[in-house]
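> predicted model, plus sequence, below.
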Protein chains: 2
Amino acid sequence: MLHVHDLRQEPIQVPTRPRAFEPAARADQTIRLKQDQTIYSEGQKVLAFYQVEAGAIRIYRLMPDGHRHILSFCVKGDWFGLEQGDRRADFAEAVCEARIRPFATTGSSTFTNNLLNIALANLAKAQSRQMAMIEQSALKRVAVFIQEMAERHPGESEFDLMMCRSDVADYLGLTIETVARSFTKLRERRIIRLKGKLQRCVQLLDRDALAALAL
Amino acid sequence: MLHVHDLRQEPIQVPTRPRAFEPAARADQTIRLKQDQTIYSEGQKVLAFYQVEAGAIRIYRLMPDGHRHILSFCVKGDWFGLEQGDRRADFAEAVCEARIRPFATTGSSTFTNNLLNIALANLAKAQSRQMAMIEQSALKRVAVFIQEMAERHPGESEFDLMMCRSDVADYLGLTIETVARSFTKLRERRIIRLKGKLQRCVQLLDRDALAALAL
DNA sequence: CGTTCAATTGAGAATTCTCAAGGTCAGTGG
DNA sequence: CCACTGACCTTGAGAATTCTCAATTGAACG
C-alpha cells in the first residue's frame, strides 16, 4: 500500500519553478472542502493529483444528454486526479466536508514513463467503457460498442468484428438474444449492414445516426 | 501515441538474467495464436505484458457463479497484460487468429514508480467496478456497493455512506427509487439496518448474506 | 404549523430476460 | 448428390425487472 510519505520523500519530478495549482490548492498543504465544493472540472488543465485525508470525493462525468455518471467515490487514503493527458476528463467534488492533499504534476511532460502511459491509457478506456456499460438501453450499448470498434478502423466504412455474439453479450452485459435484436434494429433503421455468413462484418451506412444513438 | 519502438529502445528494467515468460512467449518475439488460444489465466504469475500486432484478444474474468465478463477487446496497437501485483486477475484469449508481441517485466519489483502504482490501482478498481456495474440485478449492484463501502471501514460494523441516494444511483446506473427499494429489501431481509435522519448510516447485520448477494 | 428536502412507496409502462423454436451455413458420411 | 449434424444467429411470447410519474412519509426549521 502506498502512503503519503512514499511520495513526499520521492517527489515525482517536481516543477522547476513555482506554478499555479488547481483552484484552492497549494503544494503539499491540506485543502479543506465544504460539501459539494468543486476541486476541478472537465476541460481544466491538470496541475495536481490528490490523496483524500478525510471525507469523500465523487469523480464523475457528464454525458452529452446531461446525464451524470459517477466513476468512483474516493475516501480516506484513496488517490484521484491522475489522468492521461493534460486536461481533465471529469469532475471532482466533495461529497461532504472533506480534506485532501495535493501533489504536484507538470501536466503531460511529467509522465514520460511508458508503462505509466500505458496504464493511464487503459484506465481511461476502462472508465469510458464503464460509462457506456451503465447506459440502460441495450440499443445504446450496442451502438457504443460498434462505434468503439469502428474507431479502430479509421477511414474504413466496413470492418470485421471478429468476435461472436456471445463475446459481445458478455462484454456489454446483455444476452445474445438482446444483442441480436439490437443488431437487427440497427439494420432495420439502415444504420448498419451486416455481412458474412456469421454476420460479423459491419458496414456503416449512417455514421451520424449511429453517433446519435451512442450519444 | 506509443509505439513498439518506444519500449524496445528503452527496455523497462529488464530482468538481469533470463527468465521464463508467459506460456508460449519469448522475449520480443512475435507470438502467433490460434482462435481461442489462451495467453494467460487467472492466478498465473505475471511475467510479461503484450501489444497486439494483428487479430483481437479478449480480456475477461469469471465470476464466482461461472458468469464470464469481458473487460476489453484488444486489437492492433492495444496493450494488455500490465497489471497490479504479480498475479493475473483475469484471462487473456485470442478471439481469432492473432499475433502479439511480449515485453518483459519482473513482476512486482519492476514497478517501483509510485505514479504507476497509483494508476494501476485505479485501473484495477475501475475494472472491478465495471464487473459490478454490469450485474443486471439492482439488488446485487447495491449489495456490491455496500460491500465496497464496508471494506473501507475495516473492523467496523457501522459506517456512514456520506452520499445521498442520487449519488448512489448515478454510481450504480439505477434510479433513486430503485436504490431506495433495494435498501428496503436489504433492511427487510435483516442484512443491514439504516440509521440517521437521512438513512445514510449503514449497520451490517449479516455480512455473509450480503456477501452471498454480492456473489 | 406550514415548508422544504430527502427518502420511500405505489401503480402502470417499458425494457430485458428466459425459454423455445426456426433459420442459415459448412462439414460429414452414406 | 443429399440428408444429417453442429455451430451460430435470429425471432417470438410470456415472465421478471426496472423505469417513470405521482403521492406519501419523516425530520428539520422557521
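Arrived safely.

> so which helix or strand takes in the closest residue in space to A:S72 that isn't next to it in sequence?
Using Cβ to Cβ, 6 or more residues apart in numbering or on different chains and skipping residues adjacent in sequence, the residue nearest A:S72 is A:I59, 4.9 Å away. Yep, even glycine has a C-beta here, placed from its N, CA and C like the rest. Using DSSP states H and E, A:I59 maps to strand A:56-62.

> can that strand be found next to DNA strand C?
No. Residues of strand A:56-62 are not located near DNA strand C by Cβ under 7 Å from any atom of the strand, the shortest gap being 13.6 Å.

> outside of the next helix or strand after that strand, which residues touch it?
The first helix or strand that comes after strand A:56-62 along the chain, using DSSP H and E, is strand A:68-75. Under the contact criterion Cβ atoms under 8 Å, 6 or more residues apart in numbering or on different chains, strand A:68-75 has outside partners A:52, A:55-63, A:80, A:90, A:95, A:127, A:130-131, A:134, B:122, B:125-126, B:129, B:149, B:152, B:163, B:167, B:170-171, B:173.

> out of those residues, which end up buried?
Among the contacts of strand A:68-75, those buried by neighbour count (16 or more other Cβ atoms under 10 Å in any protein chain shown) are A:52, A:55-61, A:80, A:90, A:95, A:127, A:130-131, A:134, B:122, B:125-126, B:129, B:149, B:163, B:167, B:170-171, B:173.

> now, those residues that are in strands?
A:V52, A:A56, A:I57, A:R58, A:I59, A:Y60, A:R61, A:F80 (DSSP state E).

> what's the neighbour count on the closest residue to the last one other than its chain neighbours?
In space, not counting the residues next to it along the chain, A:F80 is nearest to A:C74; the distance is 4.7 Å by Cβ to Cβ, 6+ apart. Here the count is done by other Cβ atoms under 10 Å in any protein chain shown, and A:C74 has 25 residues near it.

> what's the helix or strand for A:V179?
Here A:V179 sits within helix A:176-188, counting by DSSP H and E.

> quick check, distance from that helix to the centre of its chain.
On the basis of Cα atoms, centre = their mean, to the nearest Å, helix A:176-188 sits 26 Å off its chain's mean C-alpha point.

> what does chain A put close to DNA strand D?
A:136, A:164-166, A:176-177, A:179-181, A:183-184, A:194, A:198-200.

> looking at these, spot the one nearest DNA strand C.
A:E177 (4.1 Å; Cβ to the nearest atom of the strand).

> break down chain A into its helices, ranges please.
For chain A, the helices defined by DSSP state H cover A:4-9, A:114-134, A:138-150, A:165-172, A:176-188, A:207-214.

> before we move on, the earlier item: check contacts around the residue nearest to A:S72.
Going by Cβ under 8 Å, 6+ apart, A:I59 touches A:I70, A:L71, A:S72, A:F73, A:C74, A:F80, A:D90, A:F91, A:A92.

> now those in JSON lines, with distance to B:E156 and pLDDT?
JSON lines is the format used below for the contacts of A:I59 (distance: Cβ to Cβ, whole Å; pLDDT from 0 to 100):
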{"residue": "A:I70", "distance to B:E156": "23", "pLDDT": "84"}
{"residue": "A:L71", "distance to B:E156": "25", "pLDDT": "89"}
{"residue": "A:S72", "distance to B:E156": "21", "pLDDT": "89"}
{"residue": "A:F73", "distance to B:E156": "17", "pLDDT": "91"}
{"residue": "A:C74", "distance to B:E156": "18", "pLDDT": "89"}
{"residue": "A:F80", "distance to B:E156": "23", "pLDDT": "90"}
{"residue": "A:D90", "distance to B:E156": "29", "pLDDT": "91"}
{"residue": "A:F91", "distance to B:E156": "29", "pLDDT": "94"}
{"residue": "A:A92", "distance to B:E156": "26", "pLDDT": "95"}
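
> apart from its neighbours in sequence, what residue is nearest A:V144?
Using Cβ to Cβ, 6+ apart and skipping the chain neighbours, the partner closest in space to A:V144 is A:A132 (4.1 Å).

> I'd guessed A:A126 sits against B:S128; true?
No. A:A126 is beyond contact range of B:S128, at 9.9 Å (criterion: Cβ atoms under 8 Å).

> how does chain A divide into domains?
For chain A, automatic domain parsing gives the domain ranges A:4-129, A:135-214.

> in a markdown table: those domains, plus distance to B:A48.
Below are the domains of chain A laid out as a markdown table (distance: least, Cβ to Cβ, whole Å):
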| stretch | distance to B:A48 |
| --- | --- |
| domain A:4-129 | 13 |
| domain A:135-214 | 23 |
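
> returning to that earlier point: which neighbours does the strand holding A:I59 have in its sheet, and in what orientation?
strand A:68-75 (antiparallel), strand A:91-94 (antiparallel) (DSSP bridges).

> nearest spatial neighbour of A:E53, skipping sequence neighbours?
In space, A:E53 is closest to A:R99, 4.1 Å off (Cβ to Cβ, 6+ apart).

> same thing with A:F145?
A:F145's closest residue in space is A:L172 (Cβ to Cβ, 6+ apart), at 5.9 Å.

> looks like that neighbour contacts A:R141 (just checking).
Yes. Contact criterion Cβ under 8 Å: A:L172 and A:R141 qualify, at 4.6 Å.

> need the residues touching each of these two.
A:M133.

> what sits against the residue nearest to A:L186 when sequence neighbours are not counted?
Using Cβ to Cβ, 6+ apart and skipping the chain neighbours, the partner closest in space to A:L186 is A:I192 (4.8 Å). A:I192 makes contacts with A:I146, A:F183, A:L186, A:V202, A:Q203, A:L204, A:L205, A:D206, A:L210, as judged by Cβ under 8 Å, 6+ apart.
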